[in-house]
Structure formats: C-alpha cells, structure tokens
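In: could you look at this predicted model? Sequence included:
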Number of protein chains: 2
Amino acid sequence: MLEEGEAFTPRFGADGLLTAVVTDAHDGAVLMLAHMNAASLRLTLETGIAHYWSRSRQALWMKGETSGNVQTVVEILTDCDQDAVLLRVQVAGDGPTCHTGRRSCFYRSITSDGTLAIRRG
Amino acid sequence: MLEEGEAFTPRFGADGLLTAVVTDAHDGAVLMLAHMNAASLRLTLETGIAHYWSRSRQALWMKGETSGNVQTVVEILTDCDQDAVLLRVQVAGDGPTCHTGRRSCFYRSITSDGTLAIRRG
C-alpha cells in the first residue's frame, strides 16, 4: 500500500520532518535540499508555492519571502516509502536559489584529495 | 569558510548522518534519496562506489550489493552549508534503482486532491 497505493500518507521522521529535494522544472537541475513539516507541506499543496521548515530558525518559511526568488510548484512527487518529496519548481525570474547568489546550493565538487572545488556552470 | 572555502568539513546531523541526493549522471534524473554516516562517506570517496547508511537496518550498505545495481560515482558535490551531498552516478547496466523495480524511487505525483498517481516515464 505504501509503495503501490494511491493514498498519500507521508511518513514524517521523529523530528516531524520530510526531506524535500528541489529541482528546476525547466531542466531538472537540483537546486537545493530542504525540510518540510506537516504545516509547510499543507501550505505548499494548498497555495502551489513552496514552503519549508527551517531547522536552524525553527520556523515556517516561504522560500523567496525575503529574496523574491519564490518557487512555484509545477509538480510534487513522493518516493516509494513516502518519507521524502521531490518538488519540480519554477523560480521567479529564474533567479538564484542559493543564499550565496548561485543558481544551486550544490556548486562545489569534492575532489579526490578531499578538498572542494567550485564547479563551472 | 563553510560556504566559500576549499575545506570539506561535512556537518553531520545529531543522528550522525548527511542526506544524499542521487542523480543519474547521464541525464540528471533524481533516482533516490539516502543517508550517509562518516564511514559510508569515506568508503564512497575511497572506492568510487556509493555506500549508504540504512536507518531502518542500522547498517552500512553498498547500494546494489544484493540487486547488482551498483552505483559508480561520477561526481560528488556538497551544498552551501555542507550538510548534504549530491552524487552523480552511473547505475550498473542502467538497471533500476528503486526496490520496486522502477528506475527512480520518485514515481508518483501528489495530485491536487491529495492522492497519488503513478507517473509516466
């Protein structure tokens, strides 16, 4: 049922959170990883605008509420065991998602010597 | 430093884990979400083969050790605050990643009425 059924029964962790992977609906690029509690998931589904739970600030958070880089949800998927979601989004104005000003939070490769290298593109 | 430096200083959570997003290096499709402890991260970097930590089994786990669908790491990235990694992998024989036999664990959309629909493709 969890894997093949039509019922969406999200399995929040002991911390009350689901993990959310966020990709750009245009090209599938992974933009960020975030967390959702039940309230942020409900708000996201109701409004079509991505809302998360900030673990550091312990607060509900609409992505882009400060920066303007709001995420409109094109599609939201869940995984086989329903403890994660994948949001395919359109970022307002195709602006940056990372607070460092980059398009994606994943901008550094781990090299073979264990240091980090800024990735092109 | 955490965001712009060259030092890889992964920030494991209170549970000792990083979140790992896994994509197909061929086309960027999100295949699965998993977790890594320090030992699985080290093994992955040393061998170039993806190893994870199974939260349900509380055990180190080489993806594909049973199914044969081993993941060879093409690139591994970290995010701005170094509490997540993104693995770009090549799946042995382009086999399925999900234990249900599907290519990706994210095979169901959440519809507007809150039920799940199996996604085409």
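Out: In hand now; what should we look at? Note that the structure is a prediction, hence the values are computed from the model and not measured.
In: for the residue most central in space within chain A, what is the enclosing helix or strand?
Out: Closest residue to the average C-alpha location of chain A: residue A:22 at 3.5 Å, with Cα atoms, centre = their mean. Using DSSP states H and E, residue A:22 maps to strand A:18-24.
In: state the mean pLDDT of the helix or strand just after that strand.
Out: Per DSSP H and E, the first helix or strand lying C-terminal to strand A:18-24 is strand A:30-36. Taken as a whole, strand A:30-36 carries a mean pLDDT of 98.
In: still on that earlier bit, what bridges to the residue nearest to the centre of chain A?
Out: residue A:32, residue A:87 (DSSP bridges).
In: that one: what's it in contact with?
Out: A:30, A:31, A:32, A:33, A:34, A:50, A:71, A:86, A:87, A:89, A:97 (Cβ atoms under 8 Å, 6 or more residues apart in numbering or on different chains). Every residue, glycine included, has its C-beta placed from N, CA and C.
In: which of the residues you listed sits closest to residue B:15?
Out: residue A:33 (15.7 Å; Cβ to Cβ).
In: my guess is that closest one contacts residue A:105, does it?
Out: Yes: applying Cβ atoms under 8 Å as the test, residue A:33 and residue A:105 come out as touching, 7.2 Å apart.
In: so between the two, which is more surrounded?
Out: Shown here are residue A:33 and residue A:105; by other Cβ atoms under 10 Å in any protein chain shown, residue A:105 has more neighbours (25 against 22).
In: burial count for the nearest residue to residue A:95 once chain neighbours are set aside?
Out: Nearest residue to residue A:95 in three dimensions, chain neighbours excluded: residue A:69, at 4.1 Å (Cβ to Cβ, 6 or more residues apart in numbering or on different chains). A count of nearby residues for residue A:69, using other Cβ under 10 Å, gives 18.
In: stretch A:107-121: which residues count as buried?
Out: Of the residues in stretch A:107-121, A:107, A:108, A:109, A:110, A:116 count as buried by neighbour count, 16 or more other Cβ atoms under 10 Å in any protein chain shown.
In: ok, now stretch A:56-68?
Out: So for stretch A:56-68, counting by 16+ other Cβ under 10 Å, buried means A:61, A:62, A:63, A:64.
In: same thing with stretch A:77-84?
Out: For stretch A:77-84, by 16+ other Cβ under 10 Å, it's A:77, A:78, A:79, A:80, A:82, A:83, A:84.
In: what is the end-to-end distance of that stretch?
Out: 9 Å (Cα to Cα, to the nearest Å).
In: what about the helices in chain A?
Out: A:38-47 (DSSP state H).
In: and residue A:40, what does it touch?
Out: So residue A:40 contacts A:51, A:52, A:53, A:60, A:61 (Cβ under 8 Å, 6+ apart).
In: okay, and which of the residues you listed map to strands?
Out: Assigned to strands by DSSP state E, the following of those qualify: A:51, A:52, A:53, A:60, A:61.
In: what's the local residue count around the closest residue to residue A:31 other than its chain neighbours?
Out: Counting by Cβ to Cβ, 6+ apart, the nearest residue to residue A:31 once its immediate chain neighbours are dropped is residue A:97, at 4.2 Å. Residue A:97 has 24 neighbours, counted by other Cβ under 10 Å.
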